[in-house]
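Visitor: Quick check, what structure comes out for this input:
(2 chains)
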Number of protein chains: 2
Amino acid sequence: MESVDILINNGWVLTMDPEDTLIEKGAVAVSGERIVAVGEDLVLAASYKAAKTVDARGGIIMPGLVNAHTHAAMTCFRGIADDLPLMTWLNDHIFPAEAKLTFDIVYQGTLLACAEMILSGTTTFCDMYLFEDAVAQAAKTVGIRAVVGEVIYDFPSPNYGPVEAGLKYTEDLIEKWRDDPLITIAVEPHSVYVCSPELLQKARAIADKNDVPLIIHVAETEREVVIIHVAETEREVAEVMGKYGRTPVAHLADIGILGPNLIADHCVVLTPEDITLLKEFDVKVAHNPESNMKLASGIAPIPELLDHGIIVGIGTDGCASNNNLDLFQEMDTAAKLHKVDSLDPTVMDARTVVRMATIDGARVLGLEDTTGSLETGKKADVIIVDVNRPHLIPMYNVYSHLVYAVTGSDVVTAIVNGRLLMEDRVLTTVDVDAVMRAVNQIAQDIT
Amino acid sequence: MESVDILINNGWVLTMDPEDTLIEKGAVAVSGERIVAVGEDLVLAASYKAAKTVDARGGIIMPGLVNAHTHAAMTCFRGIADDLPLMTWLNDHIFPAEAKLTFDIVYQGTLLACAEMILSGTTTFCDMYLFEDAVAQAAKTVGIRAVVGEVIYDFPSPNYGPVEAGLKYTEDLIEKWRDDPLITIAVEPHSVYVCSPELLQKARAIADKNDVPLIIHVAETEREVVIIHVAETEREVAEVMGKYGRTPVAHLADIGILGPNLIADHCVVLTPEDITLLKEFDVKVAHNPESNMKLASGIAPIPELLDHGIIVGIGTDGCASNNNLDLFQEMDTAAKLHKVDSLDPTVMDARTVVRMATIDGARVLGLEDTTGSLETGKKADVIIVDVNRPHLIPMYNVYSHLVYAVTGSDVVTAIVNGRLLMEDRVLTTVDVDAVMRAVNQIAQDIT
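Guide: All right, here's what the predicted structure looks like:
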């Protein structure tokens, strides 16, 4: 008998390995940070002696979900303004609120987001925001896996000031967090409409030099595309930004930004040529259906991207445009949205969508050797979904259940990097009452 | 001090009364089946002595939700077949499974649905299915409010046999359940494509004679409209059904079926003339966004219906096409779907959507004097939403929170007709473990 730290048994093991192996009565053995075995319950019981056994009680043992795009600290602005035109929402509500951000607000807001994510089964998230060292510290404190990067744009930031300082801040973050077991730093220019070609190229150079992801919002709305492409309807912005005369993706190709470590968030408005370019350069895409719907940005052509073999993950975007971080609900919406958009119920089948929220999300973030599936040797990022609940009876198909019936509140246990962060819905690394009090106070202070 | 049975206090009271009154520190007093007072916490505390006090702990005290269209017992088929073309799904999976239905299966499936609905804040549902006396009995046993009616069509039913027996079954149900405090019987011909004009007219006559709702699926998909309207693409069905030469709504107008007590489910494919007719006859509409998305039926023109002043409620449809009965998630989807469909983030604002799921849902069912809002004299159908949870912090706007952040699992307490059906998420009238076992057994038996 080999000794291990944790043995999770008595559940359906959904591995999301290359063969989509599903074990009806399975178990997962964890030693230190890593998965050391995945297999039949009886086999593992006979092979491993565990310091701690976690009984899945017939539930689903699966990889923790990967939130491929969010702004975690925007929990502080959850529902601060809704149902408004995009520019009113941004200019009259979000930007004024964000001008009041501090390191501590971002830290507390991220702690709350981490609590919410673990409680709803997310074990890895990719963040873009301000004061990202606070995000990294909060994620590290909680013990969740994160790809984080400071947002950079041509105008001054409430955090670092002028843009050159933003590049320096990013390089310092990379240095500070290098080789951390949980935190990866990315280079994150905001978008083509607020970043000059020169800034984008500097960002690309930093990402290449340090072998880290480059992350950018791309073609999120028709409006953005108009600014870049035609420069007709938004004249005052067009004067500044409308000079490229091509689509955002073509523009990024033209100035050398596309590449396999580029994560393009949103990608709502794409031409067939854009899709060909994304595939040619192996660009990764983060799909955010609920935010795109709520802000009325449009519907990203995800089935076409998948048909082209482009790797797509799923993100929630920030809590001001969603307004939660529940990736199970996001999967449900993603599957249904593209069916009705294409009038084809066979697109975005449940297994494809679960893959997007797990292993393909990990691929998007460049973490496919670390997380996103339950395979021997990978880091142990595991969740358990309780299916013995009225809204989850009966269960005919595990994938379908996860997408169309389960919500985040059905997740009972979460392990990240071999550490139990939640057991029977009790968080082990966050004082959740203190964090809720802190963010309620922040909300009072900023309004 | 007046004695009352229940005093719910210490919460935000969202009344959904005609003035949308919202009381920050409010309370609701219940005596017998009815609400006897709604007001400030301190005022009610000084006026009423309660046999039982329910502390909302700062949560939202609101009317129980109204599910305007479902097939409750289809919980038995939750996820039995997904991501398939509509005809494959119906002919190869749903119809064969439904051929095995019995009174007991429908009874157990409905008990499970009632448990799920109460756990997610629904206190009234409108059902269309087979063996509806079982549905009425299950609802009555659980203590939930329901409008139920046996589905009727031109071909024989697994329940009652030939169509004439279905009309008789419906009349018997009306007689049996007349004046029940919880159960209302409706007359429910399935749709224009499986009901002859004569059948529809007989159904209308029974509804009129007994002053009960008439309920029918209308224009659920393009395919159905083609059958009725053009009769081109589905030749074999067209031979039988394609003779009307007009839209389903125009056909119903032509044969005298439209009227203020008609509930038209779905209404996905409507012409401007159809919308004018629905308004002219004060027809009520039940919107089922998630089912329409999942089956790739299309997007109902709900903002246009609302602009015309047509009363619209929200339904989940059955669990085989959703796959849950959570109206909070359905509200979220409804709000977001129409924003992205219209590319206008201001349509379907949160308050409108909450109204659709409460008081307007009650109007759709003809129960606006009974339920759907918290007002003195109405029946006490009340739920409490706990907002002291990480994904519900902070709260800037109650309506926005309910639509975009709350899910059914945040509902902690439910009262229907003055009776506590759930307290702190424990159901008081259903042995939920026994029901889950029974439906799991049914699932094994039918597959």
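
Visitor: what does the stretch 51-200 of chain A have sitting close to chain B?
Guide: With Cβ under 8 Å from any Cβ of the partner chain as the criterion, the stretch 51-200 of chain A comes near chain B at residues A:75-76, A:78-86, A:89, A:112, A:115-116, A:119-120. (C-beta placed from N, C-alpha, C; glycine too.)

Visitor: Out of these, list just those in helices.
Guide: With helices identified by DSSP state H, the entries of those that belong to them are A:Leu86, A:Leu112, A:Ala115, A:Glu116, A:Leu119.

Visitor: Buried members of the residues of the stretch 51-200 of chain A next to chain B into ChimeraX, please.
Guide: Buried residues within these, by 16 or more other Cβ atoms under 10 Å in any protein chain shown, are selected in ChimeraX with:
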select /A:75,76,78,79,80,81,82,83,84,86,89,112,115,116,119,120
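
Visitor: Let me see the domain layout of chain A.
Guide: Split into domains by automatic domain parsing, chain A comes to A:2-63+A:380-427, A:65-364.

Visitor: Of all those domains, which one is nearest B:Thr376?
Guide: Taking Cβ to Cβ as the measure, these were each checked against B:Thr376, and domain A:65-364 came out nearest at 30.1 Å.

Visitor: Mean pLDDT lowest where, among the domains of chain A?
Guide: If you rank the domains of chain A by mean pLDDT, domain A:65-364 sits at the bottom with a mean of 92.

Visitor: Just give me how far that domain sits from the chain centre.
Guide: Put simply, domain A:65-364 sits 9 Å off its chain's centre (Cα atoms, centre = their mean, to the nearest Å).

Visitor: And the helices in the stretch 251-400 of chain A?
Guide: A:272-280, A:289-294, A:302-307, A:327-342, A:350-357, A:359-364, A:398-404 (DSSP state H, counting those that start in this stretch).

Visitor: Can I get the last one as CSV, trimmed to CA atoms?
Guide: Taking only C-alpha atoms (Å, rounded to 0.1, in the frame of the first residue of the first chain), the coordinates of helix A:398-404 have been written out as CSV:
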residue,chain,number,x,y,z
VAL,A,398,-23.1,13.3,-16.8
TYR,A,399,-22.1,15.9,-19.4
SER,A,400,-25.7,17.0,-20.0
HIS,A,401,-26.3,17.2,-16.3
LEU,A,402,-23.3,19.5,-15.7
VAL,A,403,-24.3,21.9,-18.5
TYR,A,404,-28.1,22.0,-18.3
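
Visitor: residues near A:Cys126, how many?
Guide: Applying other Cβ atoms under 10 Å in any protein chain shown, we find 29 residues neighbouring A:Cys126.

Visitor: quick one: secondary structure of it?
Guide: When states are read from DSSP: H, G, I helix; E, B strand; the rest coil, the local structure at A:Cys126 comes out as strand.

Visitor: partners of it in the sheet?
Guide: When bridges are taken as DSSP bridges, the partners of A:Cys126 come out as A:Val147.

Visitor: A:Val312 is in contact with A:Glu304, isn't it?
Guide: No. Under the criterion of Cβ atoms under 8 Å, A:Val312 makes no contact with A:Glu304, lying 10.5 Å away.

Visitor: So for those two, which sits in the more crowded spot?
Guide: For A:Val312 versus A:Glu304, neighbours defined as other Cβ under 10 Å are more numerous around A:Val312 (24 against 15).

Visitor: Which element, helix or strand, includes A:Ala50?
Guide: strand A:48-55 (DSSP states H and E).

Visitor: Quick check: neighbours of that strand in the sheet, parallel or antiparallel?
Guide: Using DSSP bridges, the strands paired with strand A:48-55 in its sheet are strand A:2-14 (parallel).

Visitor: Sheet-wise, list the partners of the next helix-or-strand element following the partner strand with their directions.
Guide: Elements were assigned by DSSP H and E; along the chain past strand A:2-14, the next helix or strand is strand A:22-31. Counting by DSSP bridges, the strands paired with strand A:22-31 are strand A:2-14 (antiparallel), strand A:34-40 (antiparallel).

Visitor: export these to CSV and tack on mean neighbour count?
Guide: Compiled in CSV, those are given as follows (neighbours: other Cβ atoms under 10 Å in any protein chain shown):
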stretch, mean neighbour count
strand A:2-14, 22
strand A:34-40, 20
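
Visitor: Now distance to B:Glu198 too, for those, in JSON lines please.
Guide: Listed next are these as JSON lines, based on distance: least, Cβ to Cβ, whole Å:
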{"stretch": "strand A:2-14", "distance to B:Glu198": "51"}
{"stretch": "strand A:34-40", "distance to B:Glu198": "61"}
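
Visitor: among those, which is nearest B:His251?
Guide: Taking Cβ to Cβ, strand A:2-14 is the member of the strands paired with strand A:22-31 nearest to B:His251, at 47.6 Å.

Visitor: chain center to the closest one: distance?
Guide: Offset of strand A:2-14 from its chain centre (Cα atoms, centre = their mean): 26 Å.

Visitor: Tell me what angle that strand forms with helix A:350-357.
Guide: Regarding strand A:2-14 and helix A:350-357, their directions subtend 130 degrees when assessed with axes from the mean of the first three to the mean of the last three Cα atoms, to 10 degrees.

Visitor: C-terminal to the host helix or strand of A:Arg204, what's the next element?
Guide: Taking DSSP H and E as the definition, one finds A:Arg204 inside helix A:197-210. In the C-terminal direction, the helix or strand that comes right after helix A:197-210 (DSSP H and E) is strand A:214-218.

Visitor: buried sites along that next one?
Guide: Of the residues in strand A:214-218, those buried (16+ other Cβ under 10 Å) are A:Leu214, A:Ile215, A:Ile216, A:His217, A:Val218.

Visitor: dump the residue contacts of the third one.
Guide: It stands for A:Ile216. Going by Cβ atoms under 8 Å, 6 or more residues apart in numbering or on different chains, A:Ile216 touches A:188-192, A:195, A:200, A:252, A:257, A:262-265.

Visitor: Which ones among those residues map onto strands?
Guide: In this view, those that belong to strands under DSSP state E are A:Glu188, A:Pro189, A:Leu262, A:Ile263, A:Ala264, A:Asp265.

Visitor: Quickly list what A:Leu420 is bridged to.
Guide: As assigned using DSSP bridges, the partners bridged with A:Leu420 are A:Ile415.

Visitor: residue contacts, A:Val106?
Guide: Under the criterion of Cβ under 8 Å, 6+ apart, the neighbours of A:Val106 are A:Ala73, A:Tyr129, A:Leu130, A:Phe131, A:Glu132, A:Ala134, A:Val135, A:Ala138.

Visitor: which of these sit farthest apart?
Guide: The largest separation in the contacts of A:Val106, counting by Cβ to Cβ, is between A:Leu130 and A:Ala138 at 13.4 Å.

Visitor: For these two, indicate the residue with more neighbours.
Guide: Shown here are A:Leu130 and A:Ala138; by other Cβ under 10 Å, A:Ala138 has more neighbours (26 against 21).

Visitor: so that one makes contact with A:Leu111?
Guide: Yes. Under the criterion of Cβ under 8 Å, A:Ala138 makes contact with A:Leu111 at 4.8 Å.

Visitor: re earlier: how about TSV for the contacts of A:Val106, with distance to A:Leu325 and secondary structure added?
Guide: As requested, the contacts of A:Val106 are exported to TSV (distance: Cβ to Cβ, whole Å; DSSP: H, G, I helix; E, B strand; the rest coil):
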residue	distance to A:Leu325	secondary structure
A:Ala73	12	helix
A:Tyr129	13	strand
A:Leu130	18	coil
A:Phe131	19	coil
A:Glu132	17	helix
A:Ala134	17	helix
A:Val135	14	helix
A:Ala138	14	helix
